[in-house]
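J.: here is the input, now give the coordinates:
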Amino acid sequence: STDRDNRTVYTVNGSSGGIGGDQELPCEAAIYVGCTMPDWLEHPAHRDFQPLHPDFLPHGIERQGSVVLDANETQLISRFVDLNGEVLDYFVIQR
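T.: Below is the predicted model of the structure:
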């Protein structure tokens with residue numbers, strides 16, 4: 001293994017268990033489980049989204065799905081795919 005082969009990529013997908021938490025149950029002071037924080041899609045690490053669909057919010061996609069990774073020796077492709085198989089977001093890392 002060379003230094004070039006020793007790299008790490010972090011990505012987070014938080015919708016596989018459900019979307020939006022429980023919108024009807026906002027979190028109260030010091031309660032963080034079983035409720036929805038008002039800023040749940042406003043983390044500074046979230047990228048900006050154009051409103052292509054009604055569930056594309058400024059900093060996230062409010063749709064259930066999964067991340068699919070495809071990698072080979074020269075390329076990593078990450079896709080966010082919804083339950084219907086539609087690719088909603090992706091990125092490519094080229095070596």
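
J.: which SS state does the residue positioned nearest the centre of the chain fall under?
T.: With distances taken as CA atoms, centre = their mean, residue 13 lies nearest the centre of the chain, 3.6 Å away. Of the three states, residue 13 takes coil under DSSP: H, G, I helix; E, B strand; the rest coil.

J.: check residue 90 too.
T.: From three-state DSSP, the assignment for residue 90 is strand.

J.: quick one on the thing from earlier: thought the residue nearest to the centre of the chain was touching residue 67?
T.: Yes: assessed by CB atoms under 8 Å, residue 13 is found in contact with residue 67 at 4.4 Å. Heads up, the C-betas are built off the backbone N, CA and C, glycines and all.

J.: could you pull out the residues contacting both of those two?
T.: Overlap of the contact sets of residue 13 and residue 67 (by CB atoms under 8 Å, 6 or more residues apart in numbering) consists of residue 80.

J.: low pLDDT regions in the chain?
T.: 1-5, 14-24, 41 (pLDDT under 70).

J.: which residues touch the residue nearest to the centre of the chain?
T.: Residue 13 touches 65, 66, 67, 80, counting by CB under 8 Å, 6+ apart.

J.: and the gap between the third one and residue 79?
T.: Read that as residue 67. With distances taken as CB to CB, to the nearest Å, residue 67 is found 7 Å from residue 79.

J.: look up the residues forming beta bridges with residue 87.
T.: residue 81 (DSSP bridges).

J.: what's the burial count for it?
T.: By the criterion of other CB atoms under 10 Å, residue 87 has 11 neighbours.

J.: right, and it touches residue 79 too?
T.: Yes: taking contacts as CB under 8 Å, residue 87 lies within contact range of residue 79: 4.9 Å.

J.: without its sequence neighbours, what residue ends up closest to residue 45?
T.: residue 12 (7.9 Å; CB to CB, 6 or more residues apart in numbering).
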